[in-house]
Every structure is written in structure tokens, then in C-alpha cells.
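1. Here you go, sequence then predicted model.
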Amino acid sequence: MPVDVDVVKGRMDEVRWAIRELQRLASKEFTELSVDERYAIRYNIIVLVESLVSLCLHLASEGFRGRPTSYREAVRIVAERMGVACVGDLESLVGLRNLLIHRYWNVEDGKIYQSLKANFKCVEEFLRRVEEAFLG
């Protein structure tokens, strides 16, 4: 089955939506964030990573005939094939998602907030390369 352009566009839109929401939330000082906003940050990181991984699983299997066995591997396969230099940053996002899902009681919201301030250049580079390669 070939790469489904609608799947690619849909997942990319979801990633970009989550990034915009995270940037909106990070525009406030950490001490000004309500508990609900802190949980919204966690949720939107999960949405971003789930959408990114879904995109990578689709591209790895349909575009590159790979068979990733983990979320990290799916991201690595596609990012390396696309020539993205910051593969480690994308894998770290997957690790953060895993922490949020499986060990949420160990999460330090202040550290997550600081990582948001560093922005999403790597994710944006990845999306740009996917667009160029699969959406023309």
C-alpha cells in the first residue's frame, strides 16, 4: 500500500496544532499556570508525540518498507531516512511521552515547561522534510 497523503496531512496538522497549543501555554510564566494548564501541557505533549509516531509508523511501513518494533524506532527510521540531524531530540520526545503515560507521578512540570521554552525546531524541521518528500 502506498503512502496515504491524507494520513500524512492529518498527522502533520495534529502535530502542528499541539505545538501551537503548547506555545500558547508556555507564553505564561510557569508560576502563573493553573493546575489545569499544567495538565494541558502534559496532554498536548502526548498528542504531539502520538501524532508524530503515528505519522512515522505509516511512513516507515508504507514509504520505507520498515517494520519498527517501538515508537522510538519508528521515529528513528523515518528521521534518519529524511536526513534530520536532530534524531536524538525526537527520540527524547518519545521518552517524555512514555514518562507522562507510564510514570506520571514522577513528572516535574517545571522541567517540562523549561523544555517547551526551547521550542520545537527539530519537530518543525522533521515536518518540513516530510512535506517536501511526500507532499511535494
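-> Great, that's in hand. Residues are numbered from 1 along each chain as shown.
2. and Glu132, how far is that from Leu22?
-> 24 Å (CB to CB, to the nearest Å). Every C-beta, even on glycine, is put in place using the N, C-alpha and C of the backbone.
3. Neighbour count: these two, which is higher?
-> A direct count of neighbours by other CB atoms under 10 Å for Glu132 and Leu22 places Leu22 higher, at 23 against 10.
4. Please, where are all the helices along this protein?
-> Taking DSSP state H to define them, one finds helices in the chain at 5-26, 35-58, 71-81, 87-102, 109-117, 121-130.
5. Enumerate every residue touching Ala26.
-> Contact analysis of Ala26 by CB atoms under 8 Å, 6 or more residues apart in numbering lists Ile41, Tyr113, Leu116, Lys117.
6. same thing but 6 Å
-> Shown in contact with Ala26 (CB atoms under 6 Å, 6 or more residues apart in numbering): Leu116, Lys117.
7. number of nearby residues for Ser54?
-> Neighbours of Ser54 (other CB under 10 Å): 17.
8. OK, contacts around Leu59?
-> Leu59 touches Val78, counting by CB under 6 Å, 6+ apart.
9. And it, how close does it get to Pro68?
-> 10 Å.
10. go on, Gly83?
-> Taking CB to CB, one finds Gly83 at 18 Å from Pro68.
11. Same drill for these two, tell me which one is more crowded.
-> Pro68 (18 against 10).
12. Could you export the helices of the chain as a markdown table, including mean pLDDT and distance to Gly136?
-> As requested, the helices of the chain are exported to a markdown table (pLDDT from 0 to 100; distance: least, CB to CB, whole Å):
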| stretch | mean pLDDT | distance to Gly136 |
| --- | --- | --- |
| helix 5-26 | 98 | 9 |
| helix 35-58 | 98 | 17 |
| helix 71-81 | 97 | 17 |
| helix 87-102 | 94 | 23 |
| helix 109-117 | 88 | 31 |
| helix 121-130 | 97 | 11 |
